[in-house]
Every structure is written in structure tokens, then in C-alpha cells.
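> coordinates only, sequence not included:
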């Protein structure tokens, strides 16, 4: 009904500000189901010479459309035009400015423009502390800071997102916090984050990521036995690539403990049970090293040849 009303009005209104408003209303209503139609409408508004708010809105909507299509560079060009226009407007609509800043930060992160993503994520939180998108902006800033190796700032931003009421965002932020702390070599803090995830979100389907993380922290803290126990939980309860990696790490821990026979069996299971060439190749190489330690040079060479 709304679409029919808009189309009927567009037949009567051939140009001017009202026509632009109708084009934008149509895009808002049908843009996701008819992206090509939305693109044509937005191009007409952008090229129509309307007022700055209307044209900047069209640039923003075009950026949203291109973001959905994963054309992040194209989206950033339209966001740049929207920002330029909004900067020249006294009393620009805050809801539009808010959307432009957030979407620019998101697309900057997607294209590896980490400095810009970090700056805009922080600017968004400062300008819109009560925004519904504040937790998402904190995640963007946290990931960018992690890539830039600004560990303390990344921790601050992820911790902000962890406290959000949206459980999906908060749980994802807690996992990312653990990953970041491991990247920083802060193993005890990383383990604390993963343990917090498993306690707070024990029914979450991503449990295996936190369990692997606890194993990784234990291994890098020198506790191979504890690490093996956590990796074992992943292998027993998960079947994806993380399980293949966990099985490989069990072999690494056994190797570190000097249990070369057990390590061989653990490494060979990676190749036998999981269809992930990256981990299979690495595990076969490590099995060869174990055979070498055991004095079985023939088996060692055979495993090395399999990798080649």
C-alpha cells in the first residue's frame, strides 16, 4: 500500500524537492528488494541539484546499498560526498550525521583503513554515547586498535562492548577481547576473558573458540598438560577447522613434554580425521620430527615426503 501511494504520487510530481523526497521514500521502502531500482532513484536525486540535506541523504543511502553489496570502496566515495555536504550545513540532521560517521567507520574497517576506522569509532562514541549503535562502534574501534597494536585502547573499547545489553554483541566482544589479549601476549588476561565467556555464555555455539583460547593461553604460559585438556574438549565436542587445529596443538603439547610416541599419533589423526590441507600438511611435518626424535629416520623421511 505504501509503495503504491508513493508511485501514484510520483506520476503527479515530476520534479523538485517533493520528487526527491518521494524517490528517497521509495528507496527506504523497497531498496533491499529492488537494489537496481533504488540505485536509479538515488542517482536521479544526486544528479538533480537538490538541497544539501536531500543530496547527502541520497549519498548515504547509496553507500548503504553498496555496503550490502560489499562494494566498500564505492560506498566510501559516497560517504565522503555526504560528509562534505553535511559539514557545510548549519544544524545538519544529527540522525543523518550519526549514520554517516558509523557507516564510514564500518567501511573503513572493511577496507583496511584502520587508522580512519579507529578514529571514527572513537569519535562516534564521544559524540553519540547513547546511540543504539554505540556498542557496534566500540567493536569497530576495538578491532582497528587491535590491528594497529594499540592494545590498551583495544581492550578499553572491547570492554565497553562487553558491557552492552545486546547479548550477541557483548558475547562477540568478549571473544574478541580474549583474541586481542592473546595477540598482545597477555596470556593470563586472555584466559580470564575466555573463562568469562564460557561461564557467562555456556550455551553459546561458539564455546569451542573460547575453549581453544584457554588451551592456547595455557600452552603459551608453559602449562602443556592444561592446554592438552582444553584442546581435548574442542576435539571431543566440535568437528570444524578449530578441532583440526586443536588436534594439531595436542601433538605440539605432547612433543613439548617429550611424549614423542603419543605426539605422532596425535599429529597423524589430523591428517586422518580432518579435511583441512593446511593443518594436515603441518601435522605430517611435525609427525616427521617426532619420528626423527624417536630415531626412526625412514618414517621421518616418509612423512616429510608426504608434505612435499
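Arrived safely. Fair warning: this is a prediction, and the values are worked out from it, not measured in the lab. Residues are numbered from 1 along each chain as shown.
> Show me what the host helix or strand of residue 218 is packed against.
Under the criterion of DSSP states H and E, residue 218 resides in helix 207-220. Helices and strands touching helix 207-220, by 3 or more C-beta pairs under 8 Å, 6 or more residues apart in numbering; DSSP states H and E, are helix 167-183, helix 187-200, helix 224-237, helix 241-256. Just so you know, the C-beta spots here come from the backbone N, C-alpha and C atoms, and that holds for glycine as well.
> Give me the buried positions along the second one.
With burial defined by 16 or more other C-beta atoms under 10 Å, the residues of helix 187-200 counted as buried are 187, 189, 190, 191, 192, 193, 194, 197, 198.
> again, but for the first one
When neighbours are counted by 16+ other C-beta under 10 Å, the buried residues of helix 167-183 are found to be 169-182.
> remind me which residues of the stretch 1-150 of the chain are low pLDDT?
1-33 (pLDDT under 70).
> what about the helices in it?
Assigned by DSSP state H, counting those that start in this stretch, the stretch 1-150 of the chain shows helices spanning 2-12, 16-30, 35-46, 52-68, 72-87, 94-110, 114-127, 134-147.
> Look up phi and psi at residue 201.
In terms of degrees, to the nearest 10, the main-chain angles of residue 201 are phi -130, psi 50.
> Quick check: it touching residue 168?
No: Residue 201 lies out of contact with residue 168 (C-beta atoms under 8 Å); the separation is 9.9 Å.
> Give me the common contacts of the two.
Counting by C-beta atoms under 8 Å, 6 or more residues apart in numbering, residue 201 and residue 168 have no contacts in common.
> Dump the buried residues of helix 167-183 into TSV; add pLDDT and distance to residue 220 as well.
What follows is those, written out as TSV (pLDDT from 0 to 100; distance: C-beta to C-beta, whole Å):
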residue	pLDDT	distance to residue 220
169	94	28
170	96	26
171	96	24
172	96	23
173	97	22
174	98	19
175	97	18
176	97	18
177	98	17
178	98	13
179	98	13
180	98	14
181	98	11
182	98	8
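> Of the helices and strands packed on helix 207-220, which is nearest residue 136?
Closest to residue 136 of the helices and strands packed on helix 207-220 is helix 167-183 (C-beta to C-beta; 6.6 Å).
> Tell me what angle that closest one forms with helix 187-200.
Between the axes of helix 167-183 and helix 187-200, defined by axes from the mean of the first three to the mean of the last three C-alpha atoms, to 10 degrees, the angle is 160 degrees.
> the inter-axis angle of helix 167-183 versus helix 134-147?
Going by the same axes, to 10 degrees, helix 167-183 makes 10 degrees with helix 134-147.
> what helices or strands is helix 167-183 leaning on?
Partner elements for helix 167-183 (3+ C-beta pairs under 8 Å, 6+ apart): helix 134-147, helix 151-162, helix 187-200, helix 207-220.
> Same list (those) but as TSV, adding distance to residue 110.
Shown next, in TSV, are the helices and strands packed on helix 167-183 (distance: least, C-beta to C-beta, whole Å):
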stretch	distance to residue 110
helix 134-147	10
helix 151-162	17
helix 187-200	25
helix 207-220	22
